[in-house]
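[1] From the sequence below, what's the structure:
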Amino acid sequence: MRGVNGTLIGINVAAFAVEVLSPPYSATLARFALWPIGVPPAGRGMSFEPWQPLTYAFLHGGIVHLALNMFALWMFGRDCEVVLGARRYLVLYFAAVLSAAAVQLAVAAIAHKGGATIGASGGVFGVLLTFAVLFPRRRLMLLFPPIPMPAWLFVTLYGLLELGNGVFGTNAGVAHFAHLGGMLGAGVVLRHWHHQARH
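    Alright, predicted model coming up:
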């Protein structure tokens with residue numbers, strides 16, 4: 001794997017290896033998850049710290065969680081990096097990570113829930129949106145149902161599904177609004193660059 005996309009995947013895998021080698025409950029690692037603001041500390045006294053909106057994106061809840069995120073990053077991130085270049089790709093990825101964290105924190109404050117958030121999904125969803133913008137007619141094959149569809153339609157439907165899951169509380173352990181926040185952050189950055197290119 002080459003480029004910054006490959007580096008991001010490598011860092012995530014290395015971080016997960018540290019998680020696996022740590023004790024069953026590691027207070028050190030728990031400090032790097034994203035904890036809500038203004039909610040009584042949960043998880044053995046853990047609470048929000050300023051570095052968490054970045055570090056949470058390099059922790060994962062298990063090998064399947066990691067594998068799904070890294071597969072999506074590998075599948076969609078490579079072509080996005082080629083078009084955007086390494087610097088802009090990194091800017092976009094971390095903008096998605098930070099906006100996902102901001103949306104998740106806002107939702108947690110409104111719902112007054114104190115659970116931690118981990119995973120690269122916010123950044124991955126930002127990359128998904130970027131892929132659909134850059135390659136809207138690229139055909140993607142779903143696993144279920146196994147039908148091809150253009151990237152713009154796939155990502156639109158996926159976003160609507162995440163919105164529905166978030167509103168109706170489906171799969172409550174998944175940070176659906178963080179996923180949408182990642183798409184929002186990537187969309188804002190892409191729109192800014194498009195506006196710059198026109199002036």
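[2] Just the element for Met149, please.
    For Met149, the enclosing helix or strand under DSSP states H and E is strand 148-150.
[3] Each with direction, which strands does that strand pair with?
    Applying DSSP bridges, strand 148-150 is found paired with strand 139-141 (antiparallel).
[4] list the buried ones in the partner strand?
    Going by neighbour count (16 or more other CB atoms under 10 Å), the buried part of strand 139-141 is Leu140. Quick note: C-beta positions are derived from backbone N, CA and C, even for glycine.
[5] That one: how far from the chain's middle?
    21 Å (CA atoms, centre = their mean, to the nearest Å).
[6] That strand - what's its average pLDDT?
    Mean pLDDT, computed over strand 139-141, is 86.
[7] likewise stretch 37-52?
    73.
[8] how about the most centrally placed residue in the chain, what does it touch?
    The residue lying closest to the centre of the chain (CA atoms, centre = their mean) is Gly122, at 1.6 Å. Counting by CB atoms under 8 Å, 6 or more residues apart in numbering, Gly122 touches 57, 96-97, 99-101, 104, 175, 178-179, 181-182, 185.
[9] Need the residues that contact the strand holding Met149.
    Residues contacting strand 148-150 (CB under 8 Å, 6+ apart): 136-142, 157.
[10] Could you do stretch 159-177 as well?
    Counting by CB under 8 Å, 6+ apart, 100, 103-104, 107, 117, 119, 121-122, 125, 129, 179-180, 183 sit against stretch 159-177.
[11] In those, which residue is surrounded by the most others?
    Within the contacts of stretch 159-177, neighbour counts (other CB atoms under 10 Å) peak at Gly122, which reaches 37 neighbours.
[12] picking up where we left off before, could you dump the contacts of Gly122 into CSV with pLDDT, secondary structure and distance to Val18 added?
    As requested, those are exported to CSV (pLDDT from 0 to 100; DSSP: H, G, I helix; E, B strand; the rest coil; distance: CB to CB, whole Å):
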residue, pLDDT, secondary structure, distance to Val18
Ala57, 97, helix, 15
Ala96, 98, helix, 23
Val97, 98, helix, 19
Ser99, 98, helix, 26
Ala100, 97, helix, 22
Ala101, 97, helix, 21
Gln104, 93, helix, 23
Ala175, 88, coil, 22
Ala178, 93, helix, 22
His179, 94, helix, 25
Gly181, 96, helix, 26
Gly182, 97, helix, 23
Gly185, 97, helix, 26
